[in-house]
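A.B. asks: structure for the following, please:
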Amino acid sequence: MSAPGSLQPSTFSLPALSLVIGGARSGKSRLAERLVSASGRPRTYIATAQPFDAEMQERIARHRDDRGPDWTTLEAPLDIASALAACDPAGAILLDCATLWLSNALLAGQNLDDATQALLDTLETSPAPVVIVSNEVGWGIVPENALARQFRDAQGRLNQKIAARARLVIGVMAGLPFTLKGSLPEGIL
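C.D. replies: Numbers count the residues shown, from 1 in each chain. This next block holds a predicted model:
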């Protein structure tokens, strides 16, 4: 008998691409981790966060500790293609998160349309299933400055493009999942 909220590995086969989307601190990363774990495959976590200050360093360490030792972690603030190439093709991949990756690309001065297309092309070639975590940033007020508006608009377009290609899209609000596309596996709560 499995614990509540756990899935038996044989009960869930991850599609090639899944998207878990929600607001900040909504529970989306935890749900994405459960989906990848439920696949029963070796797990790789591609981390896009950069530890610019002590608070972020602590947050990253806490997330790594919460995941436990059964995950391989690859740091890839910008170069998702190299990280995906280094992953076990028999495994399952969690990319957390597209929002931080996009902000890294913006602050690095990359052309966001080109960077987005390169990311989508890279995802298409992954031999292992990928679950992407992303923030829904369009439900708030219109930002007051041009850089923030540029980011919000680019994030909305990126989310739409990933969702269009994904076979499974799950929204998360207040820790509760809701299916936007595909089928939510039994026992995910």
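
A.B. asks: you'd agree Arg152 is in a helix?
C.D. replies: Yes. Counting by DSSP: H, G, I helix; E, B strand; the rest coil, Arg152 falls inside a helix.

A.B. asks: tell me the spacing between it and Ala105.
C.D. replies: 14 Å (CB to CB, to the nearest Å). Heads up, the C-betas are built off the backbone N, CA and C, glycines and all.

A.B. asks: looking at those two, which one has more neighbours?
C.D. replies: Remark: of Arg152 and Ala105, Ala105 carries more neighbours, 24 against 16, as counted by other CB atoms under 10 Å.

A.B. asks: isn't that one up against Ala115?
C.D. replies: Yes. Taking contacts as CB atoms under 8 Å, Ala105 lies within contact range of Ala115: 4.4 Å.

A.B. asks: low-confidence stretches in this structure?
C.D. replies: 1-11, 189 (pLDDT under 70).

A.B. asks: hmm, 50 instead?
C.D. replies: Along the chain, the parts satisfying pLDDT under 50 run over 1-11.

A.B. asks: now do the helices in it.
C.D. replies: 28-38, 54-67, 80-85, 98-107, 112-124, 146-165 (DSSP state H).

A.B. asks: with distance to Gly175 added, can I get those in TSV?
C.D. replies: Output for the helices of the chain, formatted as TSV (distance: least, CB to CB, whole Å):
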stretch	distance to Gly175
helix 28-38	8
helix 54-67	15
helix 80-85	27
helix 98-107	18
helix 112-124	27
helix 146-165	20
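
A.B. asks: nearest to Ile46, out of these?
C.D. replies: Among those, the nearest to Ile46 by CB to CB is helix 80-85 (4.7 Å).
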